[in-house]
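**Student:** the following comprises the amino acid sequence and a computationally predicted model.
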Amino acid sequence: MVTSIIRRFIQALFVIVAMTVIVFLAVNVIGNPVDILINPDANQAERARVIAEYGLDQPLWRQYIDFLAGLLRGDFGNSFVYGRSALQVILERFPATLELALSALVIALVVGLPLGLYAGLRPRSVASRIIMSGSILGFSLPTFWVGLMFILLFSVQLGWLPSNGRGETVEILGMRWSFLTEDGLRHLFLPALNLALFKTSLVLRLTRAGVQEVLPQDYIKFARAKGLSERRIISVHVLKNLMIPVVTIVGLEFGSLIAFSVVTESIFAWPGMGKLIIDSINLLDRPVIVAYLMMMVLIFVGLNFIVDLCYTLLDPRVRLDAKR
């Protein structure tokens, strides 16, 4: 098991190094930030000074080495727009995006798992068919359209919930969170629900498919033959085997919730990283773009590594393969 963990850790390091090359080259292809940083009326001397100040006059390989050295120190350079550390700019917005993604993930699990379990145990019931039809809508409806409909219904027509912003926040461990206040929860509910819609449908259908795959297995028949109650069979035997694919999907989808919350944050004016990265791309703020992309790489690689560890704990077959 230890050997397997070390091997996966080394693979993760190789992935991170490869992604540094891809991210650096991709970002340097995007436009010329000098055109935005420098006034068009500036003379050639002023233009050369600014280019040298930001290291844009260096060869590409030299810029990459400096980028790697800064990455090891946690230094992505200063933002062209904000004039501060790019990583600091990103981290200021990170709690808002993390809070939104966690809330959406909780909604997806709380709603998707029970409904998927019910639909898998009673596939021919009317309620099960309604649930599966609803999951198709969750997959099909565009996120931006659903968000606009939420605002129109709950904010404009009914006036129950606010349509934008984060509301009142509370500082804990140096970061501000809105879910601990009533006003913050009211602001959080609609964007979290909008972001969770697709993931809820995904968890629901995955759970239903897993239940229908597990129920015909011999060990389920043997458990029933032993006289175990249906509740124990479901809670111990069915759910335990369901957790393997669910852990995989939840781990990977949590990363996508953080990385691809751009649409939801833009619609609800949620002050997270998604809105920041859109503004940074428009302004060609390379240090912020690179810091954001590398943070996403670390999050995805880290989540994959954690999923592998959970696999080892949940599935004995993985442990046996590791021993062999």
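**Tutor:** The structure has been received and is ready for your questions. Numbers count the residues shown, from 1 in each chain.
**Student:** any stretches of the stretch 1-150 of the chain with poor pLDDT?
**Tutor:** 1-2, 4, 28-43, 47, 50-51, 53-57 (pLDDT under 70).
**Student:** which residues in it form helices?
**Tutor:** 2-29, 34-37, 44-53, 60-73, 86-121, 126-140, 143-150 (DSSP state H, counting those that start in this stretch).
**Student:** partner strands of the following helix or strand past the last one, parallel or antiparallel?
**Tutor:** Downstream of helix 143-150, the first helix or strand assigned by DSSP states H and E is strand 170-172. For strand 170-172, the paired strands and their directions (DSSP bridges) are strand 175-177 (antiparallel).
**Student:** which other helices and strands contact the following helix or strand past the strand it pairs with?
**Tutor:** In the C-terminal direction, the helix or strand that comes right after strand 175-177 (DSSP H and E) is helix 182-214. Packed against helix 182-214 by the contact rule (3 or more C-beta pairs under 8 Å, 6 or more residues apart in numbering; DSSP states H and E) you find helix 86-121, helix 126-140, helix 143-150, helix 239-259, helix 262-267. For glycine as for every other residue, the C-beta is placed from the backbone atoms N, C-alpha and C.
**Student:** nearest to Thr200, out of these?
**Tutor:** Closest to Thr200 of those is helix 86-121 (C-beta to C-beta; 4.4 Å).
**Student:** quick check: angle from the closest one to helix 60-73?
**Tutor:** Counting by axes from the mean of the first three to the mean of the last three C-alpha atoms, to 10 degrees, helix 86-121 lies at 70 degrees to helix 60-73.
**Student:** what residues are up against the spatially closest residue to Met175 that is not a sequence neighbour?
**Tutor:** In space, and not counting its chain neighbours, Met175 is closest to Pro95: 4.2 Å by C-beta to C-beta, 6 or more residues apart in numbering. For Pro95, the contacting residues are Met175, Arg176, Trp177, by C-beta atoms under 8 Å, 6 or more residues apart in numbering.
**Student:** please identify the most buried of the helices of the stretch 1-150 of the chain.
**Tutor:** The highest mean neighbour count among the helices of the stretch 1-150 of the chain, using mean count of other C-beta atoms under 10 Å, belongs to helix 86-121: a mean of 21.
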